[in-house]
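[1] give me a 3D structure for the following:
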Amino acid sequence: MARWYFKRLAPGDTNRDPIQSEFFASESIDDSADALVREGIQNTLDARRRGEPARVRISISGEEKALSFEAIEQYLDGIWPHLRSPDNGLHNAPAPTERCQYLVFEDFGTTGLEGDPLQWRKIAGERNSFFNFFRSEGYSEKGETDRGRWGVGKTVFPRASQGNIFWGVTVRESDRKSLLMGRTILRSHSIGDELFVPDGYFGVQGDGALVLPIDDSKYIQQFCETFGLQRGSEPGLSIVVPWYDLNGVSFERLWQAVVRGYFYPIVTGELTVSLTDERGETFDLTADSILPVIRKAPGDLQAAMAPTIELARWACSAGKTELKTLNRPSDRGALRWSADLIPEDVAVAVREKLQSGGRIALRVPMPVRQRGKPAQWSHFDLFLVRDGEEKRGRPTFVREGIIIPDVRGRTTHGIRALVVIEDKPLATMLGDAENPSHTQWQKGCANYKDKYLFGPSNIQFVTDSVAEVVRLVTETDRECDPTVLIDLFSLPVQPEGNPPAKARVKEPQSAPGTITRGSVDAPVSRPRAYRLQKVDGGFQISRGDEGAGVPESLRIRVAYDVRRGSPLKKYDEADFDLSKRPIQVAERIGVEVLRQSRNTMEVKILRPDFRLRVTGFDANRDLYVSITARKGDSDANQSS
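    Residues are numbered from 1 along each chain as shown. A predicted model of the protein is given here:
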């Protein structure tokens, strides 16, 4: 008889309050919809049949198509006393009188849940996805060819239900057999004087306490018709979540989660997603349709995602043919970024592309070093373009099609970038470093820290790659040509004897992110009273040219640079205060600091060979410095 079964708590059994769903309650997994999409599609991609694209269908019934108690009564037999238990951990348990709004998640082009459904315990070396999905927690048989690691992803389905309930219908590729089973995860709870374990299963009673899946084809067909499944006889997995969380799950959240989390495999053609809303309207996200759909999207999704998807489309086509490979770093010791990793011709090409607003494709080799094993060379790819944005941003990191949204690498100014990790050795290493919700790479992760040599530097090398490449190529040859990258850096080091060149930059007239350079005035040959130079984390002001008068004092104003408008007018005290840490006067020779407050500093010059060095600024942001030199009753102003 098909019904819900719960095992009674026996002497010696542990009273469990399962916490797996808390793995997905983080800053980067904002709601049930985001968690369900991320983990559900990840499992789909891992189960994809070789050579075929995976197809996912997500639909929500809404109130209009909600099912009555009579329509689903047979699928809830035996569960109601447990849902009404006062200590089951549910905060908003459904009631029999409540119409059931439900969510459907189906995948196609996959293998289904293979393995012996009679298996009830872990067997070393034997893969059984049916056992792993329905009967295990915190255990995964996935290896380096898979995207998941922790074995807790399936808990997103009960987490999305007010009753912590889900059913699964699978058709297996190997035998084309259809199976139906359900599961709920509560807390250890009581009904009257009887105590029960947290786990309940929907199926038929087997030998002993083992609940088996239903294999009656007519019963399964009726279940599929009740919930509008499109499973048919095609291999894959269909999941039904009854009484889905109306606060955490909405159509808008679902499709935004698909776009933000899986635009890359959609663009590559590995994945298509069909979403159906409460009105029955269906939206298909494919390689061809995703960009037009995003461009019509309301709110901030278009501005946030359309440029990144455009870059991804280029990366998957022309970008692959334009990859330029960097030099290998040393496979001994911690990994470090340095100028010798970028061949001279590559540095020149990257600088030119940055100036013109062109797209850049780079392949970065790096060693993967497991303890006790020889180094294995792998690589990752960078795709970047100047986008003209004022704000600083981080690259988008993609590991085997999964967007890792909370990677804490260095930021860049005005650069949009993708960091794509697909080569297996490196993808495996970074997968081992991920937290259960696959949102971060953690240096202290249990699967990672004792497995790989120089663990922190490996992750840092990848996360800082875009910022380091931009820094290294834009620092090269700046002393040879003061007009090179004048739009990128506010403090170029000037050649001896030449004042700063002036550049007029026209507003872009073509594609977004394209910069058209205006004319550059010829340098004016006149002696300078002081010299302004960029140093690590700040600036230095020192004696100027021979024959120039020495100023009596300097008024210095500082701000972080912006793409448009006056940097000084847009100064924000939250950026820094010259009188407070971490800003400091690192060197002071022949000057007296008269005043320093907010973004202004006034200094008195005491002798001709003076030098003032101020550091502590954000090394990842461009600095704008304006200096007014006072000599007697006259002022001379310079901004760099």
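[2] pull the contacting residues for the nearest residue to V104 once chain neighbours are set aside.
    Closest residue to V104 apart from its sequence neighbours, by CB to CB, 6 or more residues apart in numbering: S59 at 4.8 Å. Using the backbone N, CA and C atoms, a C-beta is placed for each residue, glycine as well. By CB atoms under 8 Å, 6 or more residues apart in numbering, the residues touching S59 are L103, V104, G228, L275, T276, D277.
[3] could I get those residues as CSV with distance to D216?
    Shown next, in CSV, are those (distance: CB to CB, whole Å):
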residue, distance to D216
L103, 25
V104, 21
G228, 20
L275, 31
T276, 28
D277, 32
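[4] which of these are buried, as a ChimeraX select command?
    In ChimeraX, a selection of the buried entries from those looks like this (16 or more other CB atoms under 10 Å):
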select :103,104,275,276,277
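[5] hang on, the earlier thing: quick one: the residue nearest to V104 is in a helix?
    No. Going by DSSP: H, G, I helix; E, B strand; the rest coil, the assignment for S59 is strand, not a helix.
[6] pLDDT value on it, please?
    For S59, the model assigns a pLDDT of 97.
[7] for stretch 292-308, how far is the first residue from the last?
    13 Å (CA to CA, to the nearest Å).
[8] residues of that stretch that come out buried?
    Applying 16+ other CB under 10 Å to stretch 292-308 flags V293, I294, A297, L301, M305, A306, P307, T308 as buried.
[9] stretch 220-233: how far from the chain's middle?
    Chain-centre distance of stretch 220-233: 35 Å, with CA atoms, centre = their mean, to the nearest Å.
[10] averaged pLDDT, that stretch. What do you get?
    So the average pLDDT for stretch 220-233 ends up being 96.
[11] stretch 451-470 now?
    The pLDDT scores in stretch 451-470 average 94.
[12] any regions of the stretch 101-250 of the chain where pLDDT drops low?
    Applying pLDDT under 70 to the stretch 101-250 of the chain flags the ranges 138-153.
[13] can you show me the helices along it?
    With DSSP state H, counting those that start in this stretch as the criterion, the stretch 101-250 of the chain has helices at 129-135, 156-159, 217-226.
[14] and of the ones you listed, who's closest to G192?
    helix 156-159 (24.6 Å; CB to CB).
[15] which strands or helices does that closest one pack on?
    Where contact means 3 or more CB pairs under 8 Å, 6 or more residues apart in numbering; DSSP states H and E, helix 156-159 is packed against helix 32-46, strand 165-171, strand 178-185, strand 236-242.
[16] now with 10 Å, please.
    helix 32-46, strand 102-108, strand 165-171, strand 178-185, strand 236-242 (3 or more CB pairs under 10 Å, 6 or more residues apart in numbering; DSSP states H and E).
[17] quick one: mean pLDDT over the helix or strand harbouring A312.
    Using DSSP states H and E, A312 sits in helix 301-316. The pLDDT scores in helix 301-316 average 91.
[18] buried stuff in the helix or strand following it?
    Next along the chain after helix 301-316, taking DSSP H and E as the criterion, comes helix 318-321. Residues of helix 318-321 classed as buried: G319 (neighbour count, 16+ other CB under 10 Å).
[19] which residues are in contact with helix 318-321?
    Contact with helix 318-321 is made by 311-314, 359-363, 381-383, 418, 420, as judged by CB atoms under 10 Å, 6 or more residues apart in numbering.
[20] neighbouring strands - and their directions - for the helix or strand just after it?
    Per DSSP H and E, helix 318-321 leads on to strand 324-325 as the next helix or strand towards the C-terminus. The strands beside strand 324-325 in its sheet (DSSP bridges) come out as strand 360-368 (parallel).
[21] helix 301-316 and the strand it pairs with, what's the angle between them?
    Using axes from the mean of the first three to the mean of the last three CA atoms, to 10 degrees, the direction of strand 360-368 lies 70 degrees away from that of helix 301-316.
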